[in-house]
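Peer 1: Only the shape, not the letters, is given here:
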């Protein structure tokens, strides 16, 4: 009877430890995971004429709002020239573990390519990275809204 009680107590302890283990679903600022420093959403670079390449146009750079996802924050920055999206840069992305890094390695370039092609936030999510894709689209749309771009 004593062996059964010890075995049962050991099993309960192992289960409590197992279910108490925090993975990348732990929010920012939890022990072992510092809070990410967000860039302030909104216009970063005001419109100007001309560009570094010498072509005429109006450039504006806008940070999107931070989209908090269950895997971590996602934030993008959009560069517009003459009302067209010419670049999307990821400022924050989930990075709590190797799997996050692996998923972002293939998903974020695909999302960028889709945005540049669609010229809007109306893009498909990347399979296997739905949560990050949704955060990317939300942050992107907030940047486009701040820049007063419709599409």
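Peer 2: Yep, that arrived. Owing to the predicted nature of the structure, the values given are computational and were not obtained by experimental measurement.
Peer 1: When you work out contacts or count neighbours from here on, use the C-alpha atoms and nothing else.
Peer 2: Noted.
Peer 1: was I right about residue 128 contacting residue 105?
Peer 2: No: the criterion here is Cα atoms under 8 Å, and residue 128 misses it with residue 105 at 11.9 Å.
Peer 1: what's near enough to touch residue 44?
Peer 2: When contacts are counted by Cα atoms under 8 Å, 6 or more residues apart in numbering, residue 44 touches 60, 61, 62, 63.
Peer 1: among those, which are in strands?
Peer 2: Mapping those onto strands (DSSP state E) picks out 60, 61, 62, 63.
Peer 1: okay, now the first one: neighbour count?
Peer 2: Using other Cα atoms under 10 Å, residue 60 has 20 neighbouring residues.
Peer 1: For it, give the beta-bridge partners.
Peer 2: Beta-bridge pairing for residue 60 (DSSP bridges): residue 80.
Peer 1: Isn't it up against residue 79?
Peer 2: Yes: if you go by Cα under 8 Å, residue 60 and residue 79 touch, sitting 5.8 Å apart.
Peer 1: ok, and for the lengthiest helix in the chain, which residues are buried?
Peer 2: Counting residues, the longest helix found in the chain (DSSP state H) is helix 98-118. By neighbour count on 16 or more other Cα atoms under 10 Å, the buried set for helix 98-118 is 100, 103, 104, 107, 108, 111, 112, 114, 115, 116.
Peer 1: which other residues reach the next helix or strand after it?
Peer 2: Sequence-wise, the next helix or strand downstream of helix 98-118 (DSSP states H and E) is helix 130-146. Contacts of helix 130-146 with the rest of the structure, by Cα under 8 Å, 6+ apart, involve 41-43, 62-71, 73-78, 93-94, 104, 107, 111, 120-123, 125-126, 150.
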